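>>> how would this look folded up:
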Amino acid sequence: MRKWVKYSHLEDLKLAKYVKVYGNDWAKISLHFINRDAMMLKNRYYAHVRKDEKFVALLKEVETLEAKYNCSLDKMNCSTKGVVSGPGEAVSMDESDKCSQ
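Residues are numbered from 1 along each chain as shown. Reported below is the predicted structural model:
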């Protein structure tokens, strides 16, 4: 049995991005995640991400981040200082958080 691990805001951003790309092909979407299988991602999407206008807001945030830092969300080093910490919060990166090449 797996231990329940809370989803990060970054994972929600990635989920929204890949649902837009692949539709509801959860197996393909799961290839972009570590320790999240297709069923987990499907459940997260239907229970949280698609509610209200959250999906649209997440997609806008993905586009903003990728444009601002000129790289894919997958290549961003978002592990320090909660770069993508929560909806509606300011997103900032310092020199150590540049895109990995």
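>>> how about low-confidence regions in the protein?
Scanning the chain for pLDDT under 70 picks out 1-2, 77-101.
>>> pull out the buried positions in the longest helix along it.
Secondary structure of the chain per DSSP state H: the longest helix is helix 54-69. For helix 54-69, a neighbour-count test (16 or more other C-beta atoms under 10 Å) marks 55, 58, 61-62, 65-66, 69 as buried. Placement of C-beta: from N, CA and C, glycine included.
>>> now, among the residues you listed, which is nearest to residue 14?
Proximity of the buried residues of helix 54-69 to residue 14 (C-beta to C-beta) peaks at residue 62, which lies at 8.0 Å.
>>> is it true that that closest one touches residue 73?
Yes. Contact criterion C-beta atoms under 8 Å: residue 62 and residue 73 qualify, at 5.7 Å.
>>> and for these two, which residues touch both?
Counting by C-beta atoms under 8 Å, 6 or more residues apart in numbering, the contacts common to residue 62 and residue 73 are 13, 17.
>>> thinking again about what came up before, the longest helix of the chain: how far from the chain's middle?
Counting by C-alpha atoms, centre = their mean, to the nearest Å, helix 54-69 is centred 10 Å from the centre of its parent chain.
>>> and that helix, what does it pack against?
Packing partners of helix 54-69 (3 or more C-beta pairs under 8 Å, 6 or more residues apart in numbering; DSSP states H and E): helix 9-22.
>>> the inter-axis angle of the helix it packs on versus helix 54-69?
If you take axes from the mean of the first three to the mean of the last three C-alpha atoms, to 10 degrees, helix 9-22 sits at 100 degrees to helix 54-69.
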